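Asker: Have a look at this fold, sequence not included:
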């Protein structure tokens, strides 16, 4: 009897968990307005980002949203491209709107600092904080986000990423 009772609780718990956890997968892309703060006095770079999005709904109003994005950042004279992995907590409200925040982990895949600063070397990892807002209409979504770099981009120079993003996307399922 005790085993049957525990089995029933486990089945009910599993059923409630799978019903409560809505999973969405999609693609997104958009514009980056990127700059470096600190010792840099250069014009900002307009770039792009493109990638994949997962959204795990924990409750009707709360979700976790990891992403994998190729992101063209840097400044006007210096390109620094990253594979960024933001992991965001997403608070949903009013049926279509949301706010989001969380850490972002960036891995350099391309840089051309040696063209500008011969003795400077780009760091291979960038830790940042992402905050933003979004709307969803059916499978379509739009987002605005600010990514604040917390680590220096170069090993010998004070400079952190500062990127504003505007995105559109579509949830495939």
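Answerer: That came in fine, so what should we check first? Since we're looking at a predicted model, the values are computed, not measured.
Asker: I'd like to know how far the closest residue to residue 22 other than its chain neighbours sits from residue 76.
Answerer: Among residues not flanking residue 22 along the chain, residue 57 sits closest, at 4.0 Å (CB to CB, 6 or more residues apart in numbering). Every C-beta, even on glycine, is put in place using the N, C-alpha and C of the backbone. Residue 57 sits at a distance of 40 Å from residue 76 (criterion: CB to CB, to the nearest Å).
Asker: Look at those two and report which has more neighbours.
Answerer: Neighbours were tallied for residue 57 and for residue 76 using other CB atoms under 10 Å; the higher tally belongs to residue 57 (17 against 12).
Asker: So the more buried one sits against residue 65, correct?
Answerer: No - assessed by CB atoms under 8 Å, residue 57 is found out of contact with residue 65, at 9.7 Å.
Asker: could you give me the average pLDDT of stretch 126-145?
Answerer: Stretch 126-145 shows a mean pLDDT of 97 in the predicted model.
Asker: actually stretch 66-79, sorry about that
Answerer: With pLDDT averaged residue by residue, stretch 66-79 scores 92.
Asker: Equivalent analysis for stretch 112-119, please.
Answerer: Stretch 112-119 carries an average pLDDT of 64.
Asker: begin at 11 from here
Answerer: New numbering, starting at 11: the last item is stretch 122-129.
Asker: still on that earlier bit, mind listing the residues bridging to the residue nearest to residue 32?
Answerer: Assessed by DSSP bridges, residue 67 has beta-bridge partners residue 73.
Asker: Please apply the same query to residue 139.
Answerer: Residues in a beta bridge with residue 139, per DSSP bridges, are residue 113, residue 158.
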